[in-house]
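> sequence unavailable; structure follows:
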């Protein structure tokens, strides 16, 4: 029996996985790339759409805005995330566990709801704005690049925080001890050992923040005011009431994808090579601070957590506040908006749950099989699959939506305008999460466990089901829950792909915000927040802490 | 139970042969060890026996029948993995019962056989625990029980003791030896530890660079290594070049100018290399005339039962071991000593 025949069923799965990735990523992306090189009138080859991006002030500004807000958000996320990680991981702070848990939460809360909340507080008719205006001071509007950067920073700093604190914990205590033993002062140890060792993780976390920011569609659209960014403009070009401009949508999308792709490649080949993670036997010592300092550090971290989470409390309050159009009557309790959402128009809620569940189930199955291939079969083909599987992560949601919509508009699979294309978009965008959590767990299961089963007389495929599956289950479940909640909160591809009856909670929120109806928007927002937090809460209770870190 | 024949086995990874034309015969019930440094091909060889690696050339016979085409799950080999590979989600009982369930053994028979094998490895009463609740030595015994309970034709063990501490390693190797004899099962054992190999094996094979260097029982390979690799791998030794230059009195040749007498049946004449184990070099008495030389003690290490010396003689450092309570007095570094070795002792290496 040759290795070839031993793996036939896996070869089939491998080819199927590649086919899926080709049909849902490579082919659609090539469609919009082709469109970007096509003359709108004649259909011939042209670079005009790219020339336009770089020469027209409007488009050029979009590019500059995108890069600027992402860079600013990255900078601030690092400035907040790194101290946050050190304070909560290395020092004995009051309520450090709570700070860490709450500090992770912003990751899974929908960013555009954060933007909405800041409008509720500091927008033109926000309650804080009005309160201060009543005192005779005029506040500058939150709308603009500073609003975007504020929301991005508060929602994405946990990426830096989580990566850095994982790095801190993966360095064995002996490293610092030997530096001390060689005569270095504590500060010198920090400067020459601790900090350099976690630097790659700071860079990795920063790059994630940058990519998440530049691909974000909802926040700039809601709170950006006149500041337009690429992700938003690509969508506008595509959707435009004037019939749309596939060429410009294509070129803007391609520029966006190239930026994230370059950064991700940098991350893969530079940061990963510089990773110093050791299999820590003894995590570093947790240092005691004088009480005053400890409380001061606690205060700073608590303030960050408060600023990041308070907006969502505002939305929860707004959901049960009496409204009439854009006017909020704070203090006056009312269930009118929640009732409207739940009873009068429950369809978007049902849609959200249905689409999310369907895509998640498909993603879990796919993720399980692909993880197995990547971890166990190794070699060139597995490496290819691993890289291909991470492709969807570099493609902005709105770009992915545009690509799928343009590709499956006609041809043998006219899916655009059906619910299935939403499921496909969710599936391909979020399955990498499932692959990540599952393969991380699978990597810890030594291949000999499987071989032991075969050796004891159980054929390979049944060995996989009996021995590997049960061990992978926590990873598959965790990946599934993360998929499910992030799909529920997914706006950017939905807004491109949904049609009439298949509107989702996120689309409702987005449209109500657009029309200034903050009451209904907050009602759906509150439902979304609860649906996202609850499963993660359960996940933490069942599997213990730390699984949100696989985000 | 089955005898094993390896016939001209070759395994290549890319262009490099990690197992290079190895032929061996292992008798029924024999405890046979594959010994060698890491990368010598011993684990690959073991995995070929289990069926996880397929030979590029050659054949493997169990009890006279080729099993190369048999898939791993039908080979009836019981394998003990280096990291034990216990199923983390199953209890000890279920781990051990796993192979029996795969063979559709009736429930009653499963209980009986699992309990009796857990008894044999001194794990009675541990059945309901999970692997992570057991110590390393206990996990090791579960792995052994799990492999033995299916009554395999051949027991395969891949460095099973390497994750245990030194003391436990010695206890466990005696335990494994006892159980193997009790079951009378043909066993192929892989290790890089030559002391462990000598202690546990009926016979052993020394591998290097994918090639078989020597096979034989522990005494043979220790006292009569065929080449430099085996000589050095099996224990400390001094290698001396013997050059031509004999002149009567049965002198065979000269080492560093000193006439040597070798009382051995060899058709070879110098130049060749001889090997001396540290315990074969002794302090010379007045009557010891042959192979006598002077050295200077450079280092001495007291180990309890024995003392290891490093002695500079004949232009090199050589190790000389003497029993701590023996007639030789303890020497200090810098002291000069008269040494000799018996003409019967040295081994001529084929090179």
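Ah, there it is. None of these values were measured; they are calculated from a predicted model. Residues are numbered from 1 along each chain as shown, chains lettered A, B, ... in the order given.

> okay, residue 228: pLDDT?
By default, I'm working from chain A. pLDDT, residue A:228: 91.

> not quite, go with chain B.
At residue B:228, pLDDT is 91.

> quick one: it and residue B:274 touch, right?
No. At 11.0 Å, residue B:228 does not count as touching residue B:274 under the criterion of CB atoms under 8 Å. Where you see a C-beta, it was placed from the backbone N, CA and C, and this is true even at glycine.

> need the overlap of contacts for these two.
Both residue B:228 and residue B:274 are contacted by B:239, B:349, under the criterion CB atoms under 8 Å, 6 or more residues apart in numbering or on different chains.

> who has more neighbours out of these two?
Between residue B:228 and residue B:274, counted using other CB atoms under 10 Å in any protein chain shown, the more crowded position is residue B:274 (25 against 16).

> what's the residue of chain A found nearest chain B sitting at in phi/psi?
Here the residue of chain A nearest chain B is residue A:456; by CB to the nearest CB that distance is 3.3 Å. With angles defined as degrees, to the nearest 10, residue A:456 sits at phi -80, psi 0.

> now it: closest residue in space that isn't a chain neighbour?
Here the nearest residue to residue A:456 in space, its sequence neighbours aside, is residue B:99; by CB to CB, 6 or more residues apart in numbering or on different chains that works out to 3.3 Å.

> just to revisit the earlier point, what's the burial count for the residue of chain A closest to chain B?
By other CB under 10 Å, 30 other residues sit near residue A:456.

> give the contact list for it.
Here residue A:456 is in contact with B:73, B:78, B:98-99, B:102, B:146-147, B:150 (CB under 8 Å, 6+ apart).

> for those residues, give me a markdown table that also has secondary structure and distance to residue A:519.
Converted to a markdown table, the contacts of residue A:456 look like this (DSSP: H, G, I helix; E, B strand; the rest coil; distance: CB to CB, whole Å):
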| residue | secondary structure | distance to residue A:519 |
| --- | --- | --- |
| B:73 | helix | 64 |
| B:78 | strand | 70 |
| B:98 | helix | 60 |
| B:99 | helix | 65 |
| B:102 | helix | 63 |
| B:146 | helix | 64 |
| B:147 | helix | 68 |
| B:150 | coil | 69 |
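
> nearest to residue A:378, of the residues you listed?
Within the contacts of residue A:456, proximity to residue A:378 (CB to CB) peaks at residue B:73, which comes in at 21.6 Å.

> looking at this, residue B:40 is in a helix?
No. Assessed with DSSP: H, G, I helix; E, B strand; the rest coil, residue B:40 is coil; it does not lie in a helix.

> which helix is the longest one in chain A?
Determined from DSSP state H, the single longest helix within chain A is helix A:57-90.

> which one's the longest strand in chain A?
strand A:327-333 (DSSP state E).

> quick check: domain ranges of the chain?
In the absence of a named chain, this looks at chain A. As assigned by automatic domain parsing, chain A contains the domains A:1-28+A:329-551, A:68-230+A:263-319.

> look at chain B instead
B:4-233, B:238-346.

> can I get those domains in a markdown table with distance to residue A:361?
Formatted as a markdown table, the domains of chain B follow (distance: least, CB to CB, whole Å):
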| stretch | distance to residue A:361 |
| --- | --- |
| domain B:4-233 | 23 |
| domain B:238-346 | 66 |
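
> so, low pLDDT: which residues of the stretch 251-400 of chain A?
The stretch 251-400 of chain A contains residues with pLDDT under 70 at A:271-281.

> at 80 instead, please
Filtered on pLDDT under 80, the stretch 251-400 of chain A yields the residue ranges A:267-285, A:324-331, A:344-345, A:377-379.

> got it, and chain B?
Ranges of chain B meeting pLDDT under 80: B:1, B:245-252, B:257, B:263-270, B:325-331, B:350-351.

> ok so, going back, could you dump the domains of chain A to a markdown table with distance to residue B:155?
Converted to a markdown table, the domains of chain A look like this (distance: least, CB to CB, whole Å):
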| stretch | distance to residue B:155 |
| --- | --- |
| domain A:1-28+A:329-551 | 11 |
| domain A:68-230+A:263-319 | 31 |
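
> now the contacts of residue A:456: which count as buried?
B:73, B:78, B:98-99, B:102, B:146-147, B:150 (16 or more other CB atoms under 10 Å in any protein chain shown).

> how about the residues of chain A by chain B?
A:1-3, A:6, A:445-446, A:448-449, A:451-460, A:463, A:467, A:470-471 (CB under 8 Å from any CB of the partner chain).

> look up how far residue B:131 lies from the closest residue to chain A within the stretch 101-250 of chain B.
The minimum distance from the stretch 101-250 of chain B to chain A, using CB to the nearest CB, falls at residue B:102 (4.0 Å). Taking CB to CB, to the nearest Å as the measure, residue B:102 falls 19 Å from residue B:131.

> repeat for residue B:38
Computed as CB to CB, the residue B:38 to residue B:131 distance reads 26 Å.

> which one of those two is surrounded by more residues?
residue B:131 (19 against 8).

> for the residue nearest to the more buried one when sequence neighbours are not counted, give me its contacts.
Nearest residue to residue B:131 in three dimensions, chain neighbours excluded: residue B:86, at 4.0 Å (CB to CB, 6+ apart). Taking CB under 8 Å, 6+ apart as the criterion, residue B:86 is in contact with A:449, A:452, B:95, B:131, B:139, B:142-143, B:146.

> next: residue B:127.
Contact analysis of residue B:127 by CB under 8 Å, 6+ apart lists B:91-93, B:96, B:114-115, B:118.

> pretty sure residue B:36 contacts residue B:233?
Yes. If you go by CB under 8 Å, residue B:36 and residue B:233 touch, sitting 7.5 Å apart.

> what is in contact with the two at once?
Contacts common to residue B:36 and residue B:233, judged by CB under 8 Å, 6+ apart, are B:206, B:208, B:213.

> any idea how far residue A:122 is from the second one?
So the one you mean is residue B:208. Counting by CB to CB, the gap from residue B:208 to residue A:122 is 75 Å.

> repeat for the last one
Distance, residue B:213 to residue A:122, using CB to CB: 80 Å.

> buried ones among the residues of chain A next to chain B?
A:6, A:445, A:448-449, A:451-458, A:460, A:463, A:467, A:471.

> perfect, that will be all.
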